[in-house]
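In: 3D, please:
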Amino acid sequence: MDHSRAPLVDALAAYHRTGRYGFTPPGHRQGRGVDERVLDAIGRDAFRSDVLVSPGLDDRLARGGYLAEAEELMADAVGADTAFFSTCGSSLSVKAAMMAVAGGRSGGLLVARDSHKSIVAGLIFAGVRPHWITPRWDAERHFSHPPSPAQVREAWERNPDAAGALIVSPSPYGTCADIASIAAICHERGKPLIVDEAWGAHLPFHPELPTWAMDVGADLCVVSVHKMGVGFEQGSVFHLQGDLIDPARLSACADLLMTTSPNVLIYTALDGWRRQMVQHGRELLDAALRVAEQARADLARIPGIEVMEDALLGAEASHDLDRLQVLMDVAATGATGYDAADWLREHRHIDMGLVDHRRVLATLSIADDDRTVATLVDGVAAWRDQLKDPRPSRIRLPSPAELQLETVELPRDAFFGEVEIVPIDKAPGRIAAEQLTPYPPGIPAVVPGERLNDAVVEYLRSGREEGMNVPDAADSSLDTVRVVRE
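Out: All right, here's what the predicted structure looks like:
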């Protein structure tokens, strides 16, 4: 296919060139009706390109075929049979994937327990029973790794009637599963593998990056171009191959969830990014990987900062690592990741993507260069220099065994059933009716339908006091918890 083309980009340019005007939504009419103060903050061009997909960018029957051609080009670029664009983020895309594979089927779905909260939301929407695949745990560092092939095989042996399996790779930390072996295990049973590859949109475009799911047999993967690509927030793509998942069913499931007013800015950026990566991705990622290597070396020279790499890889850890994700363990400084991130934001105007009780993560991309990395290194060094008497973390960390809560009810049944609100110190022993998710990275500590225990309750309560963000709790103070009524 001709990857010099970007049909959505070209269609938007033609829209502007012809001076088209719509008596349709959006009502701001390419910014004509927007308050000047808003235009000064957001920019006129954003509103100028915020037009209706149809009729607007294309006609009322989409006879120009711009979106369909852009999706075909995307699939061809990454070796998939089919691609679907989504303007509602991978949070929607993964729900649609789960519904297409396991919706209406009694066998449930094998799901890695280190999955993002959007996957739990999919279980609630679809009423799917999860059969959890336990991740690998580093108990010393309180860190989870993607499940091993052996763990996936054991999960299949316990639940042979499951409709498919779903894993997350790369994780938000950049750690990766052995997708090839896991896909082969699923296919031995004639069952599909879904990969939540939200952090891996860039992987097809450079050989030194971890394995791209489509290259090693995954049936469906979901990517967030806004995370590691250069699209707008909420830009996501489903990639599909093989015959184990019906593309028409997948499309129908996505249609159930997707907005009927998709954002042309998001669509167009997806199309333009694909062209950019096919034409220039190798050289852009070459440069990004060199910058990341330098960042890792410079940050590792700061006293008390461990740039994690070897500790993340190995037989009992992760299969591979995306080195554009620069994960720093700050525990040796005596401070927490929350302390470091808050200081960097306040004093250096630097925002870190992921923080926890002992780590901060710098996510690098093709947009970073020596100058931006120098800003990061200088900021972390300045934080370390001013750190004189750090207050030790008082978060009570559960053991891996304590983190594995008993599933008592379907997540959907617990979420939509009769609930009551109890003080958090009365919650152990009760069945949760809400997700409780430290964010980022967004992996629920508690899923609706799980029986709460003392260790997890105390972890969340003490974590909240130390700066942990638990945004999905009905009571943001975590003084109370929603539980199933007895």
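
In: got the contact list for the nearest residue to residue 9 once chain neighbours are set aside?
Out: In this structure, residue 9 finds its nearest non-sequential neighbour in residue 272, 4.9 Å apart by Cβ to Cβ, 6 or more residues apart in numbering. Any C-beta I mention is one placed from the backbone N, CA and C, and that applies to glycine too. Contacts of residue 272 were listed using Cβ atoms under 8 Å, 6 or more residues apart in numbering, and they are 6, 8-9.

In: any weak-confidence spans in the stretch 301-450 of the chain?
Out: Where the stretch 301-450 of the chain drops to pLDDT under 70, the residues are 315-317.

In: same question for the helix or strand where residue 72 lies: list its buried residues.
Out: Residue 72 belongs to helix 66-78 when assigned by DSSP states H and E. Neighbour counts over helix 66-78 (16 or more other Cβ atoms under 10 Å) mark 66-67, 69-71, 73-78 as buried.

In: for the nearest residue to residue 71 once chain neighbours are set aside, phi and psi?
Out: Once flanking residues are discounted, residue 71 sits nearest to residue 83: 4.7 Å by Cβ to Cβ, 6+ apart. Per-residue torsions, residue 83: phi -130, psi 140 (degrees, to the nearest 10).

In: from residue 446, how far out is residue 83?
Out: 35 Å (Cβ to Cβ, to the nearest Å).

In: same thing with residue 418?
Out: Distance from residue 418 to residue 446, by Cβ to Cβ: 18 Å.

In: neighbour count: the two, which is higher?
Out: Ranked by neighbour count (other Cβ atoms under 10 Å), residue 418 and residue 446 place residue 446 first, with 27 against 8.

In: tell me the bridge partners for the more buried one.
Out: residue 436 (DSSP bridges).

In: what sits against it?
Out: By Cβ under 8 Å, 6+ apart, the residues touching residue 446 are 405, 432, 434-437, 452, 456, 460.

In: one more: residue 445?
Out: Residue 445 sits in contact with 403, 436-438, 456, 459-460, where contact means Cβ under 8 Å, 6+ apart.

In: what's the pLDDT at residue 137?
Out: The model reports residue 137 with a pLDDT of 86.

In: how about it, phi and psi?
Out: Dihedral pair for residue 137: phi -110, psi 140, per degrees, to the nearest 10.

In: was I right about it contacting residue 144?
Out: Yes: counting by Cβ atoms under 8 Å, residue 137 touches residue 144, with 5.7 Å between them.

In: neighbour-wise, which of these two wins?
Out: residue 144 (22 against 19).

In: what's the closest non-adjacent residue to the more buried one?
Out: Nearest residue to residue 144 in three dimensions, chain neighbours excluded: residue 135, at 4.2 Å (Cβ to Cβ, 6+ apart).

In: residue contacts, the one you found?
Out: For residue 135, the contacting residues are 112-114, 144-147, 151, by Cβ under 8 Å, 6+ apart.

In: ok, residue 212 to residue 158 distance?
Out: Applying Cβ to Cβ to residue 212 and residue 158 gives a distance of 29 Å.

In: looking at these two, which is more packed in?
Out: More crowded of residue 212 and residue 158, by other Cβ under 10 Å: residue 212, with 24 against 11.

In: can you give me the pLDDT of the more buried one?
Out: With respect to pLDDT, residue 212 scores 96.

In: sorry, back to before: helices or strands next to the helix holding residue 72 in the packing?
Out: For helix 66-78, the elements it packs on are helix 7-18, strand 82-86, strand 236-240, helix 264-300, judged by 3 or more Cβ pairs under 8 Å, 6 or more residues apart in numbering; DSSP states H and E.

In: quick one: end-to-end distance for stretch 119-134.
Out: This stretch, stretch 119-134, spans 15 Å end to end (Cα to Cα, to the nearest Å).

In: no wait, stretch 197-210
Out: 11 Å.

In: which parts of stretch 52-67 are buried?
Out: 53-54, 56-58, 64, 66-67.

In: ugh, wrong one, stretch 408-428
Out: 409-415, 419, 424, 427.

In: give me the contacts around stretch 151-163.
Out: Counting by Cβ under 8 Å, 6+ apart, residues outside stretch 151-163 touching it are 101-102, 105-110, 131-136, 147, 165, 167, 182, 185-186, 189, 191.

In: what about that stretch, average pLDDT?
Out: 97.

In: only the C-alpha atoms, please, for that stretch, written as PDB.
Out: Once non-C-alpha atoms are left out, stretch 151-163 reads as follows in PDB (Å, rounded to 0.1, in the frame of the first residue of the first chain):
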ATOM      1  CA  GLN A 151       1.300 -19.500  34.900                       C
ATOM      2  CA  VAL A 152      -0.900 -19.100  31.800                       C
ATOM      3  CA  ARG A 153      -0.800 -22.800  31.100                       C
ATOM      4  CA  GLU A 154      -1.800 -23.500  34.700                       C
ATOM      5  CA  ALA A 155      -4.700 -21.100  34.400                       C
ATOM      6  CA  TRP A 156      -5.900 -22.900  31.300                       C
ATOM      7  CA  GLU A 157      -5.600 -26.300  33.100                       C
ATOM      8  CA  ARG A 158      -7.800 -25.000  35.900                       C
ATOM      9  CA  ASN A 159     -10.300 -23.300  33.600                       C
ATOM     10  CA  PRO A 160     -10.400 -25.100  30.200                       C
ATOM     11  CA  ASP A 161     -13.800 -23.700  29.200                       C
ATOM     12  CA  ALA A 162     -12.600 -20.100  29.300                       C
ATOM     13  CA  ALA A 163     -13.300 -18.200  26.100                       C
END
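
In: distance check, the nearest residue to residue 8 once chain neighbours are set aside against residue 366.
Out: With sequence-adjacent residues excluded and distances taken as Cβ to Cβ, 6+ apart, residue 8 is closest to residue 271, at 4.0 Å. According to Cβ to Cβ, residue 271 stands 17 Å off from residue 366.

In: and which of the buried residues of stretch 408-428 is nearest residue 257?
Out: Relative to residue 257, the closest of these is residue 412; by Cβ to Cβ it sits at 15.5 Å.

In: before we move on, the earlier item: can you redo the buried residues of stretch 52-67 as JSON lines with pLDDT and distance to residue 343?
Out: Converted to JSON lines, those look like this (pLDDT from 0 to 100; distance: Cβ to Cβ, whole Å):
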{"residue": "53", "pLDDT": "94", "distance to residue 343": "44"}
{"residue": "54", "pLDDT": "93", "distance to residue 343": "48"}
{"residue": "56", "pLDDT": "94", "distance to residue 343": "46"}
{"residue": "57", "pLDDT": "94", "distance to residue 343": "45"}
{"residue": "58", "pLDDT": "95", "distance to residue 343": "49"}
{"residue": "64", "pLDDT": "96", "distance to residue 343": "51"}
{"residue": "66", "pLDDT": "97", "distance to residue 343": "47"}
{"residue": "67", "pLDDT": "97", "distance to residue 343": "45"}
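
In: can you pull out the helices in the stretch 101-250 of the chain?
Out: Secondary structure of the stretch 101-250 of the chain, counting by DSSP state H, counting those that start in this stretch: helices at 117-126, 149-158, 179-188, 225-228, 247-257.

In: count residues in the vicinity of residue 182, would you?
Out: 30.

In: end-to-end on stretch 295-306?
Out: 12 Å.
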